[in-house]
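# My questions are about this predicted structure, shown below with the sequence.
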Amino acid sequence: MCSHISWCFGRSFFINHLEEYINTVEEDEEKNYFKFRLSRLMKRLEQSTKRSSFWYHSLSALMTTGSILVPSLIAVQDKSWKADANSEEQARHEHNIYWIVWAISLSVTLANAFIKLLSLDKTYITRNLRLNQFRSETMKYITKTGPYASGDNLVRFNNFVKIIENMREQQILEEYTPNQNIDVKNTTFV
């Protein structure tokens with residue numbers, strides 16, 4: 001429940017416009033596909049894209065900020081905040097700065113490790129690219145441009161579904177297989 005609510009605050013205009021388009025569709029097969037397959041697919045993809053974007057940007061910001069703070073703190077480690085500090089206060093200051101630098105360095109290292117371990121950089125890029133491909137293909141179909149500019153409605157719709165489902169299969173293979181050299185045409189889905 002929380003994940004559905006927390007990632008939907010920035011609901012996209014695309015989903016709103018897609019739902020408006022669905023209400024204008026007259027053919028049941030097309031309406032059902034848009035309502036029960038494409039709309040849900042787009043919502044899930046937008047949520048997962050927002051999640052990966054959030055974590056990628058958060059951890060990258062932590063790494064950047066931490067890597068700027070560490071040298072700055074090391075530079076002031078031997079300088080006390082008080083001008084007339086005695087040796088005990090100076091030692092306490094150095095001790096505190098040491099552990100702050102250690103914690104920040106550990107945070108930067110962990111953030112970098114999570115980005116690399118979970119391939120957040122790759123996931124962030126591929127999900128955003130795939131989301132934009134889905135949006136672009138849907139808009140081509142809705143506006144009847146590109147490969148959907150002419151032809152029978154049923155033929156256009158069947159071509160659209162074929163392209164969308166192929167894109168979905170490619171997305172699944174990209175996200176869930178470690179080897180990127182997979183032949184999509186020879187892969188069967190159950």
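Okay, I see it.

# Flag every buried residue along the single longest helix found in the chain.
Counting residues, the longest helix found in the chain (DSSP state H) is helix 39-75. Residues of helix 39-75 classed as buried: 39, 41-43, 45-52, 55-56, 59-60, 62-63, 66, 69-70, 73 (neighbour count, 16 or more other CB atoms under 10 Å). The C-beta positions use only the backbone N, C-alpha and C, and glycine is treated the same way.

# can you pull the contacts of Lys43?
Lys43 makes contact with Ile15 under the criterion CB atoms under 8 Å, 6 or more residues apart in numbering.

# thinking again about what came up before, give the buried residues for whichever helix or strand comes after the longest helix of the chain.
Next helix or strand after helix 39-75 toward the C-terminus (DSSP states H and E): helix 87-117. Using 16+ other CB under 10 Å as the test for burial, helix 87-117 gives 93, 97, 101, 104, 107-108, 111-112, 115.

# next one: phi and psi at Val25?
The phi/psi pair for Val25 (degrees, to the nearest 10) reads phi -70, psi 130.

# Roughly how far does it sit from Ile74?
63 Å (CB to CB, to the nearest Å).

# same question, Thr145
For Thr145, the distance to Ile74 - CB to CB - is 58 Å.

# re the thing from before, now do the longest helix of the chain: distance to the chain's middle.
9 Å (CA atoms, centre = their mean, to the nearest Å).

# Return the angle between stretch directions for it and helix 87-117.
150 degrees (axes from the mean of the first three to the mean of the last three CA atoms, to 10 degrees).

# Mean confidence (pLDDT) on whichever strand or helix holds Ile172, please.
Following DSSP H and E, the helix or strand that holds Ile172 is helix 153-176. Regarding helix 153-176, the rounded mean pLDDT is 89.

# Does that helix pack against any helices or strands, and if so which?
Helices and strands touching helix 153-176, by 3 or more CB pairs under 8 Å, 6 or more residues apart in numbering; DSSP states H and E, are helix 28-32, helix 39-75, helix 120-143.

# What would it look like as PDB? C-alpha coordinates only.
Output of helix 153-176 as PDB, limited to C-alpha atoms (Å, rounded to 0.1, in the frame of the first residue of the first chain):
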ATOM      1  CA  ASN A 153      -7.900   0.500 -37.600                       C
ATOM      2  CA  LEU A 154      -7.600  -3.200 -36.800                       C
ATOM      3  CA  VAL A 155      -4.300  -3.600 -38.700                       C
ATOM      4  CA  ARG A 156      -2.900  -0.400 -36.900                       C
ATOM      5  CA  PHE A 157      -4.100  -1.700 -33.500                       C
ATOM      6  CA  ASN A 158      -2.500  -5.200 -34.100                       C
ATOM      7  CA  ASN A 159       0.800  -3.700 -35.200                       C
ATOM      8  CA  PHE A 160       0.700  -1.400 -32.100                       C
ATOM      9  CA  VAL A 161       0.100  -4.400 -29.700                       C
ATOM     10  CA  LYS A 162       2.800  -6.400 -31.400                       C
ATOM     11  CA  ILE A 163       5.400  -3.500 -31.000                       C
ATOM     12  CA  ILE A 164       4.400  -2.800 -27.400                       C
ATOM     13  CA  GLU A 165       4.600  -6.500 -26.400                       C
ATOM     14  CA  ASN A 166       8.000  -6.800 -28.100                       C
ATOM     15  CA  MET A 167       9.200  -3.800 -26.200                       C
ATOM     16  CA  ARG A 168       7.900  -5.300 -22.900                       C
ATOM     17  CA  GLU A 169       9.700  -8.600 -23.600                       C
ATOM     18  CA  GLN A 170      13.000  -6.700 -24.300                       C
ATOM     19  CA  GLN A 171      12.500  -4.700 -21.100                       C
ATOM     20  CA  ILE A 172      12.100  -7.900 -19.100                       C
ATOM     21  CA  LEU A 173      15.200  -9.400 -20.700                       C
ATOM     22  CA  GLU A 174      17.200  -6.300 -20.000                       C
ATOM     23  CA  GLU A 175      16.200  -6.100 -16.400                       C
ATOM     24  CA  TYR A 176      16.300  -9.700 -15.300                       C
END
